[in-house]
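**Student:** Provided below for reference: sequence and predicted model.
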Amino acid sequence: MRSTKSLFRVLKEFFDVDNIIDITELKSGHINSTYLIEFPTCRYILQLLNNKVFQSPFGVMNNVNLVTDHIRKKVIYDGRSVQKSVLNFVKTRYGQTLAIVDGEYWRCMEFVEGGITYEHITSPKIFEEAGKAVGDFQYLLHDFHTRLLDDTIPHFHDTPYRFERFKELIKNSNDESRLKECEKEIDFIMAHENIMDFITSRIENKEFPRRVCHNDTKISNIMVDEKTGKFMCMIDLDTVMKGSLLYDYGDALRMGASTAKEDERDLSKVGVDLELVDAFTRGFLYETRPRNNTIYITDAEINSLYYGFLIITLELGMRFLQDYFENDKYFKVSTRRPKHNLERARNQLRLVEEIEKHKEDIENIIQSNKKKLDELV
Ligand code: GN1
Ligand code: MG
């Protein structure tokens, strides 16, 4: 945690710091640093943007501001609560949503009161709501033009591009001990070469539309109402860019429908909870059902949702392994776990195996939910 003195220097850009009663660090994300700032009657979130990962912080905030303005207009139009349905950023005394202090980029937003996020889910009811949140995000942004958004992390979910970088890394690595240690994982990734471009090639040839996507839909980024258990909104909008809806569907399952945490070392615990896949799919397809003459998800996309789950998990396994080779320069690791990124990679690649094992079950779940919905609308 940064010293209170240095945090106060940042907070002065946003607030009268004499009124602050407490500051605590929240340790959930792998990229940014996050603090809860408490005043007598309200709370805010202060965040340091990791500018190694986000090389254009103003580009990120420009995307986030455009998208939250659009969502805000829409939820007001629909008669929904602004406080519950969208992130609201605090401006600095210069009217900006970023404060630059000692060359670092900070932003601040209202704490979404009454909301809760999960690191691990076991309740199908809650996970169905998570599915609704991801589907609702599509509903809210389907009429927002992808070209208005900067590519703040180029090639973010460009799996074949990431695979090429991974192959280069392995080819050029002289780290014999890590190459040996990771032989099995490397072979496993290489054996999946054919599947890497399943989604991107279909976007290229226009089989799947390019959409505005969240791109980081893990369950800890989905806010649920603590009292009612209903979804509220998606948080962590830093990676909102054009992309494929399949990745948004899959990324939520990757973390939410796994029977183990993302960094569980005991791989025998890693599996796919089909009841949770069913619950999430039900909520997701419900919110993306066609209405008002609008198609929020095409049949071609629905029929390939399984590949979203499979490929995002494979991609992340590859990213964690790459970061292990690159000495953890990207993902934060626990100081007590020197091989944290390798353990995460092994976990995700095991999950890939489990997803493949359950291909038929997962596809049946998707089709039966589609069918039930077709009967409904
Ligand atoms: C990172 O910052 P956080 O923890 O929400 C990462 C995602 C990964 C995720 C894995 C910008 O997200 O892509 O899926 O870790 N975000 C970025 O837990 O790389
Ligand atoms: Mg993030």
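**Tutor:** Yep, that arrived. Ligands and ions are numbered 1, 2, ... in the order given.
**Student:** tell me which parts of the stretch 101-250 of the chain are close to ligand 1?
**Tutor:** 216, 218, 221, 236, 239 (CB under 6 Å from any ligand atom). For glycine as for every other residue, the C-beta is placed from the backbone atoms N, C-alpha and C.
**Student:** want to throw those residues into CSV with pLDDT and neighbour count?
**Tutor:** What follows is those, written out as CSV (pLDDT from 0 to 100; neighbours: other CB atoms under 10 Å):
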residue, pLDDT, neighbour count
216, 98, 23
218, 96, 24
221, 96, 24
236, 95, 24
239, 98, 22
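**Student:** cross these against strands and list the overlap.
**Tutor:** Among those, none falls in strands (DSSP state E).
**Student:** is it possible to get CSV of these that adds distance to residue 272?
**Tutor:** Formatted as CSV, these follow (distance: CB to CB, whole Å):
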residue, distance to residue 272
216, 21
218, 16
221, 20
236, 24
239, 24
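**Student:** tell me which two of those residues sit farthest apart.
**Tutor:** For these, with distances taken as CB to CB, the pair at the greatest spread is 218 and 239 (11.0 Å).
**Student:** count of neighbours near the closest residue to ligand 2 within the stretch 51-200 of the chain?
**Tutor:** Closest approach between the stretch 51-200 of the chain and ligand 2, counting by CB to the ion: residue 53, at 8.7 Å. Residue 53 has 17 neighbouring residues, counting by other CB atoms under 10 Å.
**Student:** and for the one 5 residues further on?
**Tutor:** Applying the criterion other CB under 10 Å, we find 15 residues in the vicinity of residue 58.
**Student:** now it, nearest residue through space, not along the chain?
**Tutor:** Nearest non-adjacent residue to residue 58, counting by CB to CB, 6 or more residues apart in numbering: residue 98, 6.6 Å away.
**Student:** let me see the contact set for the residue nearest to residue 294 when sequence neighbours are not counted.
**Tutor:** In this structure, residue 294 finds its nearest non-sequential neighbour in residue 142, 6.6 Å apart by CB to CB, 6+ apart. Residue 142 makes contacts with 211, 212, 294, 296, as judged by CB atoms under 8 Å, 6 or more residues apart in numbering.
**Student:** ok, now residue 215?
**Tutor:** 156, 157, 239, 240, 241, 243, 247, 248, 251.
**Student:** tell me who's in contact with the closest residue to it other than its chain neighbours.
**Tutor:** Once flanking residues are discounted, residue 215 sits nearest to residue 239: 3.9 Å by CB to CB, 6+ apart. Contact analysis of residue 239 by CB under 8 Å, 6+ apart lists 152, 153, 156, 214, 215, 216.
**Student:** which stretches of the stretch 201-350 of the chain have low pLDDT?
**Tutor:** The model of the stretch 201-350 of the chain has no residue with pLDDT under 70.
**Student:** near ligand 2, which residues of it? Just list them.
**Tutor:** The stretch 201-350 of the chain comes close to ligand 2 at residues 216, 236, as judged by CB under 5 Å from the ion.
**Student:** quick one: the strands in the stretch 201-350 of the chain?
**Tutor:** 211-213, 222-225, 231-234, 241-243 (DSSP state E, counting those that start in this stretch).
**Student:** and the last one, what does it pack onto?
**Tutor:** Read it as strand 241-243. Secondary-structure packing of strand 241-243 (3 or more CB pairs under 8 Å, 6 or more residues apart in numbering; DSSP states H and E): strand 211-213.
**Student:** which other helices and strands does the strand it packs on contact?
**Tutor:** Here strand 211-213 touches helix 124-141, strand 241-243, helix 245-256, going by 3+ CB pairs under 8 Å, 6+ apart.
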